[in-house]
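> give me coordinates for this.
(one chain, ligands or ions: 2)
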Amino acid sequence: MNTITQTSELQKLIDGLNIDLSHEYAAMIQYIYNASAVSGLSRQVLKPYFEAEARDEMAHAQYLCEKIVNLGGTPQVHPASVKQLKQVRDMIQHSLNEEIATIERYKARMKEADEVGDIALKVKLEDMIADETKHKEELEHLLRETPF
Ligand SMILES: [Fe+2]
Ligand SMILES: [Fe+2]
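Ligands and ions are numbered 1, 2, ... in the order given. Below you'll find the predicted structure:
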């Protein structure tokens, strides 16, 4: 692989990580919003649940931010779009869709990390896929079992 190819592949990876970062910021904001806006009987359970999710997403955002700097890039500071939903079921469905999309993005990013030989990033992305899969499965479970 020549230097120009390596540089363009690294730039592609940094650009992709910045997209991921904007979605991690958005996920963190979305879960903080959900925690405050959730109402009804499920509030007592879902408020702490959404708050814990927000903390996981913040840790992901912090990691990506540091990594982008370490790769020589400039981290994104703008979140992807967030929705001000009112109904609990809509909050859960929207977050579920976002978790699924995030897992797909990280699978693609793992390949890009592999192409530039960054095994540490590849492994960390795999860890993050495990976290997001846990989020996804919890949300699916909530949608199945909650009568709202
Ligand atoms: Fe995340
Ligand atoms: Fe997540």
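> so for the closest residue to Lys83 other than its chain neighbours, what's the pLDDT?
Closest residue to Lys83 apart from its sequence neighbours, by Cβ to Cβ, 6 or more residues apart in numbering: His94 at 5.7 Å. The C-beta positions use only the backbone N, C-alpha and C, and glycine is treated the same way. Looking at His94, its pLDDT reads 97.
> mind checking pLDDT for Lys12?
In this model, Lys12 carries a pLDDT of 97.
> and the helix or strand Lys136 falls within, which residues are buried?
Element membership of Lys136 [criterion: DSSP states H and E] is helix 119-145. Buried residues in helix 119-145, counted by 16 or more other Cβ atoms under 10 Å: 121-122, 124-125, 128-129, 131-132, 135-136, 138-139, 142.
> that helix and ligand 1, any residue contact?
No. Applying Cβ under 5 Å from the ion, one finds helix 119-145 separated from ligand 1 by no less than 5.5 Å.
> check which helices and strands that helix sits against.
helix 43-70, helix 88-115 (3 or more Cβ pairs under 8 Å, 6 or more residues apart in numbering; DSSP states H and E).
> now with 10 Å, please.
Secondary structure elements in contact with helix 119-145, counted by 3 or more Cβ pairs under 10 Å, 6 or more residues apart in numbering; DSSP states H and E, are helix 3-37, helix 43-70, helix 88-115.
> apart from its neighbours in sequence, what residue is nearest the residue nearest to the spatial centre of the chain?
Nearest residue to the geometric centre of the chain (Cα atoms, centre = their mean): Glu24, 4.0 Å. Closest residue to Glu24 apart from its sequence neighbours, by Cβ to Cβ, 6+ apart: Ala61 at 3.9 Å.
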